[in-house]
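**Q** let me see the structure of the following:
(one chain, ligands or ions: 1)
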Amino acid sequence: MKLDNLNDIINKSKNILIATHINPDGDALGSMTAVYSLILENFKKKATMLVLSHIPNVYNYLPHIKEVKFIDEVDKSMVYDLVIAVDLAALDRLADAQILYEKAKFKVNIDHHKTNNKYGNIVVVEGDASSAGEVIYKVAKDLDWKISQDTALCLYTSILTDTGGFRFDNTSAQSLRIAAALVDIGVKPVDVYKKCYENKSKELVLFQNYCVNKAQFLDDDKIAYLVIYKKDLDKFNAKSDYTDGIAETLRSIHTTEVSFVLKEIGDKVFKASMRSKHIDIAKVCEYFSGGGHKFAAGCTVKASAEDAIKRIVNQIHLQDF
Ligand SMILES: [Mn+2]
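**A** Sure thing, here's the model as predicted:
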């Protein structure tokens, strides 16, 4: 199926759903709102944007973010003509919205995860792109869609946040060129930077410092990790995004090769966020049926904290560590 057909399909679709992964980040929300505004402005159609969990407050500035629907506000018996999934490596990350995806008549998959399992009728997956936003920019250019200031702000947010502020190894000449093109359209980098990075709540900063203080180190400090229990989350009344960035803080220590954060999400169930400087931790996470990128990946481990740590460390040791 060629990308050109997408114009036709959007034109013919009476109802369009845009969906992204659970626990949406800047790229998920930036690419979802970008696709929404592209369709609104180029086709004069209002799509439905769907999220599955809390939207971090920092992203409230994104155009159209207030029109996003939560899963419990959407009719699950609905059969959409078209569903566009963005930044979604695997369908299980759609959680309760998988049913809507499966029933939809036509499916488009726009992503940048190397581990993407290529579901859908039109698949645009670029494993070398920094972000889903970068891929969407290229799709819009290929199809001659107008990119407004609103769309540019959404796409810039995607690229900025998924490159960690243009610092991670996925920051390519292409990402910077696209970012520059978005600045030409009217994005103000300093404004977006302040909104994304100097806009944290006091509670979040105090929670993160509390967590970082519990860090443990192994293998001459090459592995840094910590465990966040439900009781820690409750104590600080932590939102789901409060743990974002902690694994990066641990990786920022000069001795750290691999960092991971285990968050308790159920009885003997931990969500692991991993970061690395050199080794491929997407492979580590794939062992636990997770995935992601070479230096930033995640998975869920069903075990006690002690066992989860042991099993993850074992898998890290099996890599070229
Ligand atoms: Mn992404």
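**Q** backbone dihedrals for residue 188, both of them.
**A** When read as degrees, to the nearest 10, the backbone of residue 188 gives phi -100, psi 100.
**Q** burial count for it?
**A** Residue 188: 11 surrounding residues under other CB atoms under 10 Å. The C-beta positions use only the backbone N, C-alpha and C, and glycine is treated the same way.
**Q** dump the residue contacts of it.
**A** Going by CB atoms under 8 Å, 6 or more residues apart in numbering, residue 188 touches no other residue.
**Q** mind checking how far it is from the ion?
**A** For residue 188, the distance to the ion equals 23 Å [CB to the ion, to the nearest Å].
**Q** quick check: residues of the stretch 201-321 of the chain near the ion?
**A** Counting by CB under 5 Å from the ion, no residue of the stretch 201-321 of the chain lies close to the ion.
**Q** buried ones in the strand or helix carrying residue 207?
**A** Using DSSP states H and E, residue 207 sits in helix 202-212. Neighbour counts over helix 202-212 (16 or more other CB atoms under 10 Å) mark 204, 207, 208, 211 as buried.
**Q** what's that helix in contact with?
**A** 226, 228, 232, 236-239, 241-243, 245-246, 249-250, 261.
**Q** with stretch 42-51 instead?
**A** 10-11, 13, 15-20, 24, 29, 32-33, 35-36, 39-40, 64, 67-71, 74, 80, 84, 97, 100, 145-146.
**Q** span of it from start to end?
**A** With CA to CA, to the nearest Å as the measure, stretch 42-51 spans 23 Å from end to end.
**Q** any chance of the buried residues of helix 202-212 in CSV with pLDDT as columns?
**A** Below are these laid out as CSV (pLDDT from 0 to 100):
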residue, pLDDT
204, 94
207, 98
208, 98
211, 98
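**Q** follow-up on the earlier one: residue 292: which of the contacts of helix 202-212 is nearest?
**A** When these are ranked by distance to residue 292 (CB to CB), residue 261 comes first, at 13.6 Å.
**Q** I appreciate the help and will end here.
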